[in-house]
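K.L.:
Provided below for reference: sequence and predicted model.
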Amino acid sequence: MSPAWGVHTGLQNTTVTELTDLWHHIEDLGFDWISIWDHFYAADLTGPHCLEAVAAHTALALSTTRVRCGALVYCAGYRHPAVLANAMATIDQLSGGRVEFGIGAGWAQPEYEAYGIPFPPAGRRLDLLEEAVQCVRGLLRDEVTDFDGRHFTLREARCEPKPVQSELPIWVGGGGERRTLRIVARWADGWNVPFVEPATFARKRGVLAEHCDAAGRSVDDLRCAVNVGVARDDEALHLQFGAMADYVRPGVVMGSQAEMVDRIGEYVAAGADQVNIAMRAPWDVASLDHLAGAIDELGA
């Protein structure tokens, strides 16, 4: 099966008009997927200029006609899972059945602290994630959901109307090999990890396969996706990613068009079912245009 190609659009330091123009352009280029993130501040934590995720996800669904409309990923600590499930069902109705839901444990501590949201240790955040994904899954797919957890309780809970899709795809994001990938194996339809090099992606996919075996599933039944940045040179890398440039560098494809395409091909060879170009304003549309014309060589 040929890989899917997407663009992950950050919501920081941009406007609704700029975003919708970019989404239209991405769809016109033939990409399969567009996604948004869930932050209150810029992802490099340099400022608070960032559009809200559920509203942006809705705008994405209404601004496009063909692409899958994803979220990579909603933070489990920011909203009750019933709020997220009802939002996803409605957005799927608005999109005509094109929504995909992603959720993760959360990491941006300054955002939590700025808004007075508790930021527990990683283990407890992962506990909350595992409960949240089960709640969302039940609400989106079952007529009635009961759930008894440490963090969430559902009593004969319903989510109506249901999504257009009978099984709206549920993604879990993150690269933690002991807990996060085990949660993926048990509860998710897709796994996404950002800004890792191809060898690291391949290793983590192998760990995920082991967790899937333990859960009685096959890793081939999940979609495994990676988000990669695109930058022509170091200056472009720092312009787009700011204080996070060195952190994301292992997962940024750089150089000539041919070098970028070769590097993306390494992710496909490592087992990526989907490759998302992760973009942040100021948008490097020229590099995106070049890649869109070249990835046909990789079987898109």
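P.N.:
Structure received.
K.L.:
can you classify the nearest residue to E113 once chain neighbours are set aside by secondary structure?
P.N.:
The shortest distance from E113 to any non-neighbouring residue, by Cβ to Cβ, 6 or more residues apart in numbering, is to F119 (6.5 Å). In short, each C-beta sits where N, CA and C put it, glycine included. Here F119 is coil, with the state taken from DSSP: H, G, I helix; E, B strand; the rest coil.
K.L.:
leaving out sequence neighbours, find the closest residue to G97.
P.N.:
Using Cβ to Cβ, 6+ apart and skipping residues adjacent in sequence, the residue nearest G97 is V164, 3.4 Å away.
K.L.:
nope, G10 is what I meant
P.N.:
R280 (4.0 Å).
K.L.:
contacting residues for the residue nearest to G97?
P.N.:
V164 sits next to 92-93, 95-97 when contact means Cβ atoms under 8 Å, 6 or more residues apart in numbering.
K.L.:
are any of these buried, and if so which?
P.N.:
Buried by 16 or more other Cβ atoms under 10 Å: 92, 95, out of these.
K.L.:
from the contacts of V164, pick the one nearest A214.
P.N.:
Nearest to A214 out of those is D92 (Cβ to Cβ; 31.1 Å).
K.L.:
would you agree the closest one is in contact with V99?
P.N.:
Yes: taking contacts as Cβ atoms under 8 Å, D92 lies within contact range of V99: 4.1 Å.
K.L.:
on that earlier part again, now for the residue nearest to G10, how many residues are close by?
P.N.:
R280 has 24 neighbours, counted by other Cβ atoms under 10 Å.
K.L.:
which residues in the stretch 201-300 of the chain form strands?
P.N.:
Along the stretch 201-300 of the chain, the stretches classed as strands by DSSP state E, counting those that start in this stretch are 223-231, 252-254, 274-279.
K.L.:
how far away is the residue nearest to G10 from C224?
P.N.:
According to Cβ to Cβ, to the nearest Å, R280 stands 23 Å off from C224.
K.L.:
okay, and the common contacts of D92 and V99?
P.N.:
61, 163, 165, 168.
K.L.:
next step: those restricted to strands.
P.N.:
Counting by DSSP state E, the shared contacts of D92 and V99 place none of their members in strands.
K.L.:
who wins for most neighbours among the residues you listed?
P.N.:
Within these, most neighbours by other Cβ under 10 Å means L168, with 23 neighbours.
K.L.:
got a list of what that residue touches?
P.N.:
With contact set as Cβ under 8 Å, 6+ apart, L168 has these partners: 88-89, 92, 99-101, 140-141.
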